[in-house]
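*Asks:* A predicted structure for the sequence below; I have some questions about it.
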Amino acid sequence: MAEASRKSQLGGPHTKEATEKGDNLECAVCLQNCVHPAQLPCGHIFCFLCVKGIANQSKKCAMCRQEIPKDFIEQPNLLEKPYQREASEGFDGGYQWFYEGKNGWWQYDERTSREIETAYKRGEQTSELLIAGFLYIIDLENMLQLRRNEPGRRRKIKRDFATIPKKGIAGLRTPETLVDSTEVEVSESSRGPVTPSNTPRSPTSGRESPGEDRELQETIDRITSLQLDTVLYDLH
């Protein structure tokens, strides 16, 4: 009875202190302690990856069915930043598990990394994990992550030091990569239209010397004079 009562409150209101710290929060999706707890606008709190799975599928809160904003996954309301605790933690002197993304590596979240490490230490060739609402097979023999129902969707994985350069943790960017990506966006947005290389362009310096102007005018005058001479010759 007590257990049923406890489960009925999962994902519901939490104490202010626990919410602010992000501690001892249980996720109503995976029924475990929240990893990177994220609070939706409706107030319900879940693991970030659990919210990501919901957003990719039903697009509604698992508790109250309120719609999840389209930009929530890119700009989540996190109660605990992933780099506050996980950035320096690791196994056997600082190792962590990573999966390959575009232009870099992402570190797995603490729970997933721990489950992969357990299978690795046991000498298992494969392990099956639930990540963001999808079942994945972790192939430790070939160091690959494959989606169970779509084996064509695969990523390389590796066990490496937690201190290596990375894009972030479990899809959440670290402050350094967040700043870098913002600078790139600002730099690109500040650029004007690029003129095609085969399009004639006028001088852009705006500092042509008076001598260049006189030479240009003299050339125009000579061409005009030649044209007039030709016309007069034809008339005679």
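*Replies:* Received the coordinates, thanks. Computed from a prediction, not measured in an experiment: that's the story for all the values here. Residues are numbered from 1 along each chain as shown.

*Asks:* burial measure for the nearest residue to Gly104 once chain neighbours are set aside, as a count.
*Replies:* Nearest residue to Gly104, sequence neighbours excluded (C-beta to C-beta, 6 or more residues apart in numbering): Lys167, at 4.4 Å. Quick note: C-beta positions are derived from backbone N, CA and C, even for glycine. Counted by other C-beta atoms under 10 Å, the residues lying close to Lys167 total 21.

*Asks:* Looks like Lys167 contacts Arg173 (just checking).
*Replies:* Yes - using C-beta atoms under 8 Å, Lys167 is in contact with Arg173, at 6.4 Å.

*Asks:* domain ranges for this protein?
*Replies:* Listed domain ranges for the chain are 8-80, 83-177 (source: automatic domain parsing).

*Asks:* ranking those by mean pLDDT, which is last?
*Replies:* Per-segment mean pLDDT for these reaches its minimum on domain 8-80, at a mean of 81.

*Asks:* Can you name every helix or strand that the helix or strand that contains Leu135 contacts?
*Replies:* Per DSSP states H and E, Leu135 falls inside strand 134-139. On a contact count with 3 or more C-beta pairs under 8 Å, 6 or more residues apart in numbering; DSSP states H and E, strand 134-139 meets strand 126-131, strand 144-147.

*Asks:* a markdown table for those, including distance to Pro69 and mean neighbour count?
*Replies:* Output for those, formatted as a markdown table (distance: least, C-beta to C-beta, whole Å; neighbours: other C-beta atoms under 10 Å):
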| stretch | distance to Pro69 | mean neighbour count |
| --- | --- | --- |
| strand 126-131 | 22 | 16 |
| strand 144-147 | 26 | 18 |
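
*Asks:* Is Phe113 in a helix, a strand, or coil?
*Replies:* Rather than Phe, residue 113 is Ser. Under DSSP: H, G, I helix; E, B strand; the rest coil, Ser113 falls in the helix class.

*Asks:* these two touch, right, it and Trp106?
*Replies:* No - the pair Ser113 / Trp106 is not scored as a contact, 11.0 Å apart, by C-beta under 8 Å.

*Asks:* For these two, indicate the residue with more neighbours.
*Replies:* Neighbour count, other C-beta under 10 Å: between Ser113 and Trp106, Ser113 has more, with 23 against 19.

*Asks:* Reformat the helices and strands packed on strand 134-139 as a markdown table; add distance to Asn24.
*Replies:* Output for these, formatted as a markdown table (distance: least, C-beta to C-beta, whole Å):
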| stretch | distance to Asn24 |
| --- | --- |
| strand 126-131 | 22 |
| strand 144-147 | 30 |
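
*Asks:* The ones you listed: which one's closest to Phe98?
*Replies:* Judged by C-beta to C-beta, the one of the helices and strands packed on strand 134-139 that comes nearest to Phe98 is strand 144-147, at 10.3 Å.

*Asks:* Am I right that Asn33 is in contact with Cys50?
*Replies:* No - using C-beta under 8 Å, Asn33 makes no contact with Cys50, being 11.7 Å away.

*Asks:* what touches both of those two?
*Replies:* Cys27 (C-beta atoms under 8 Å, 6 or more residues apart in numbering).

*Asks:* More neighbours: these two, which one.
*Replies:* Taking other C-beta under 10 Å, Asn33 and Cys50 do not tie; Cys50 has more neighbours (25 against 13).
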